[in-house]
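Enquirer: Sequence and computational prediction follow.
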Amino acid sequence: MLQIAFIRENQEKVIKALAKRNIDATSVVEEVVQLDEKRRATQVELDNILSESNKLSKDIGELMKGGEKAKAAILKEKTVLNKEKSKALAETADALAAELLEKLYTLPNLPADIVPVGKTPEENLNVFEEGEIPVLHEGAQPHWELVKKYDIIDFELGVKITGAGFPVYKGKGARLQRALINYFLDKNTAAGYNEVQVPHMVNEASAYGTGQLPDKEGQMYHDKTDDLYLIPTAEVPVTNLFRDVILNENELPVLTTAYTPCFRREAGSYGAHVRGLNRLHQFDKVEIVRVEHPDKSYEALDGMVEHVKNILQELKLPYRILRLCGGDMGFTSALTYDFEVFSTAQDRWLEISSVSNFETFQANRLKLRFKDKDGKNQLAHTLNGSALALPRVLAGILENYQTPEGIVIPEVLRPYCGFDIIN
């Protein structure tokens, strides 16, 4: 959430920055500023009345001590009127604050200066590419055919149990899935991230805290009975570990990693590009989350990008890194780098990770702060990234490592799998 003081003092800057997202925020920004002015004016009036009431109470006490009951009675009548006024003003201030908050929730984060202008994914900026695209043998197949051939993932069985988008992993497919999870966690903990296990459902406050609500309400699975949401990513529960927390500056940075299943409705996703593992309603992902000092968050973002690069280099998968344009960035992000692995059998790039800096956007919602050297509370910066999301990494391995004899396991994963080939 953008800070109201910043919006008030930088209206044109906010409008111009959000234009990079192809949003005309002029009317919303004007409404926000007007609501804030009304709220502050109401609060000043309320504070003045409360101050006057405090003074009247003291005066009444003095008059009563001096035996001047008639004068005290007049002042008491005034305190009754003030009480009624203050109650009405407090209700007005609360209503204005709630309306202001709802308006603020509709404004996305401001893109960083280096975010490219653009409306569609085609306008994202390719900033890095590495790895040889393998030449596959004749008759090579996409992963949805390979998993049937080797009986390692059963999409139809998942449909029977639950519905489309809930695959069943079997035999070496299940073991390869587990191997990837353990490998990713080991890489993250070796890099200094503290592993946690977190709930797979969150309350409304948590979903608002990281910006999933109200922006992505329609994409989340919601249990209305208990008002809980299935997590779309471990980012939500992990980042909320720090909600309403004040850290000391010397505690920064805080590095955390977690494995969780993720649940996304993916409403409106159809077509060949979502076949097989390309888009699921339930999938596994290992996440990294950082809480950083504002002065060091972009250096930390670069470090996260290098970390994910290192994992893909070890897996020996061809990949590229995109700096997302304003029109393709997530609601909460100030700057995002997407990693994509090349699927040779599908002849297209598959997104496998997003690494983002949210600056103070989430921290403002979460009230996540740190005490600076002067003892003042400052909003921290939050960052997160997939390290990594499993489905498309698995699709890339199955397709790019296929041979006429079977699917060769990347060397780095063999100690985790306990086998060298799926055949």
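Expert: It's in.

Enquirer: neighbouring contacts of stretch 152-161?
Expert: Where contact means Cβ atoms under 8 Å, 6 or more residues apart in numbering, the residues beyond stretch 152-161 that reach it are 144, 147, 164-174, 176, 276-277, 422. Every C-beta, even on glycine, is put in place using the N, C-alpha and C of the backbone.

Enquirer: longest helix anywhere in the protein?
Expert: helix 26-65 (DSSP state H).

Enquirer: Buried ones in that one, by neighbour count?
Expert: For helix 26-65, burial by neighbour count (16 or more other Cβ atoms under 10 Å) applies to 28-29, 32-33, 35-36, 39, 42-43, 46, 49-50, 53, 56, 60, 63.

Enquirer: Tell me which residues of the next helix or strand along the chain from that helix come out buried.
Expert: Using DSSP states H and E, the next helix or strand after helix 26-65 towards the C-terminus is helix 69-105. Neighbour counts over helix 69-105 (16+ other Cβ under 10 Å) mark 72, 75, 79, 82, 85-86, 89, 92-93, 96, 100, 103-105 as buried.

Enquirer: how about those, which pair is most distant?
Expert: Maximum pairwise distance in those, criterion Cβ to Cβ, is 48.4 Å, between Ala72 and Tyr105.

Enquirer: picking that back up, quick check on the contacts of stretch 152-161: which are buried?
Expert: Buried members of these, scored by 16+ other Cβ under 10 Å, are 144, 147, 165-169, 172-173, 176, 276-277, 422.

Enquirer: Excluding chain neighbours, what is closest to Pro253?
Expert: Spatial nearest neighbour of Pro253, chain neighbours left out: Glu292 (4.8 Å); criterion: Cβ to Cβ, 6 or more residues apart in numbering.

Enquirer: Repeat that for Ile421.
Expert: Nearest one to Ile421, counting by Cβ to Cβ, 6+ apart, is Gly406 at 4.6 Å.

Enquirer: number of nearby residues for that neighbour?
Expert: When counting by other Cβ atoms under 10 Å, one arrives at 16 neighbours for Gly406.

Enquirer: The one 3 residues further on now?
Expert: Ile409: 21 surrounding residues under other Cβ under 10 Å.

Enquirer: Need the phi and psi values for it.
Expert: Backbone torsions of Ile409, given as degrees, to the nearest 10, read phi -80, psi 130.

Enquirer: Repeat that for Ile352.
Expert: The phi/psi pair for Ile352 (degrees, to the nearest 10) reads phi -130, psi -10.

Enquirer: Arg348 too?
Expert: With angles defined as degrees, to the nearest 10, Arg348 shows backbone torsions of phi -160, psi 160.

Enquirer: Look up which residues are beta-bridged to it.
Expert: Ser343 (DSSP bridges).

Enquirer: Which pLDDT value belongs to it?
Expert: pLDDT for Arg348: 94.

Enquirer: Any idea how many residues pack against it?
Expert: Residues contacting Arg348 under the criterion other Cβ under 10 Å number 11.

Enquirer: Kindly report the same for Asp374.
Expert: 7.

Enquirer: Same check on Asp372?
Expert: Counted with other Cβ under 10 Å, the neighbours of Asp372 add up to 13.

Enquirer: Go ahead and confirm it touches Asn250.
Expert: No - here Asp372 lies out of contact with Asn250, judged by Cβ atoms under 8 Å, at a distance of 10.7 Å.

Enquirer: Could you check the pLDDT of the residue in the chain sticking out farthest from the centre?
Expert: What lies farthest from the middle of the chain is Gly67; by Cα atoms, centre = their mean that is 65.2 Å. At Gly67, the pLDDT value in this model is 84.

Enquirer: that older thread, which of the buried ones among the contacts of stretch 152-161 fall in strands?
Expert: Among those, DSSP state E puts 168-169, 422 in strands.

Enquirer: Which element, helix or strand, includes the closest residue in space to Leu213 that isn't next to it in sequence?
Expert: Once flanking residues are discounted, Leu213 sits nearest to Ala207: 4.2 Å by Cβ to Cβ, 6+ apart. Element membership for Ala207 (DSSP H and E) is helix 204-209.

Enquirer: What strands flank the helix or strand following that helix, and is each parallel or antiparallel?
Expert: Later in the chain than helix 204-209, the nearest helix or strand by DSSP H and E is strand 222-223. Strands that pair with strand 222-223, judged by DSSP bridges, come out as strand 228-230 (antiparallel).

Enquirer: Give me the contacts around the strand it pairs with.
Expert: For strand 228-230, the surrounding residues in contact (Cβ under 8 Å, 6+ apart) are 200-204, 206-207, 212-213, 220-223, 263.
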